[in-house]
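Enquirer: Sequence and predicted structure, then a few things I'm wondering about:
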Amino acid sequence: MFDLQCTNFFVPALSIEPLAENAIKHGIDRYSKESKIILSSYEGKEEYYIEIKDNGAGFDMNDETLGKGGIGLHNAISRLKLMCDRYMTIERINGWTVVKIMIPKKYGRNYDANNYN
């Protein structure tokens, strides 16, 4: 499901795909009609937001568990930090695992993949 309220901004390549893949592979029961993944975007005052949510069983949200994330998760975190000095959060909210990416507007509109220093 998509809830794209804002789409006119840049996102570092391969930042969303591994997170959506994780939601499919680890988050939901692919055989359940109740399983849902929602990709949403919206605009804040200083940042653009992207959320990938799934209503799967979730996982233990502690530092040790989050530190064991796979290469896709680590690469997405590193890419966001390197390319736009930003981060993402992972939370469990009302039965949903929510991954939120924040892209500062100064990078989101003027992103140049060849000059991100």
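Expert: Thanks, I have the structure now. It should be emphasised that the depicted structure is a prediction, and the values quoted were computed from it without experimental measurement. Residues are numbered from 1 along each chain as shown.
Enquirer: Low-confidence regions, the protein specifically.
Expert: When residues are selected by pLDDT under 70, those of the chain lie in 59-70, 108-117.
Enquirer: chain center to the lengthiest helix in it, what's the gap?
Expert: Longest helix of the chain, by residue count under DSSP state H: helix 71-84. When distances are taken as Cα atoms, centre = their mean, to the nearest Å, helix 71-84 is centred 10 Å away from the chain's centroid.
Enquirer: Likewise for stretch 3-10?
Expert: For stretch 3-10, the distance to the chain centre is 14 Å (Cα atoms, centre = their mean).
Enquirer: what about that stretch, how long is it end to end?
Expert: Across stretch 3-10, the terminal residues are separated by 17 Å (Cα to Cα, to the nearest Å).
Enquirer: ok, and for it, which residues are buried?
Expert: Going by neighbour count (16 or more other Cβ atoms under 10 Å), the buried part of stretch 3-10 is 9-10. Bear in mind the C-beta positions are built from the backbone N, C-alpha and C, glycine included.
Enquirer: I figured Thr72 hits Ala20, correct?
Expert: Not Thr; residue 72 is Gly. No: counting by Cβ atoms under 8 Å, Gly72 sits too far from Ala20 to count as a contact (10.0 Å).
Enquirer: can you give me the helices for the chain?
Expert: So, for the chain - with DSSP H - the helices run 17-22, 63-67, 71-84, 105-108.
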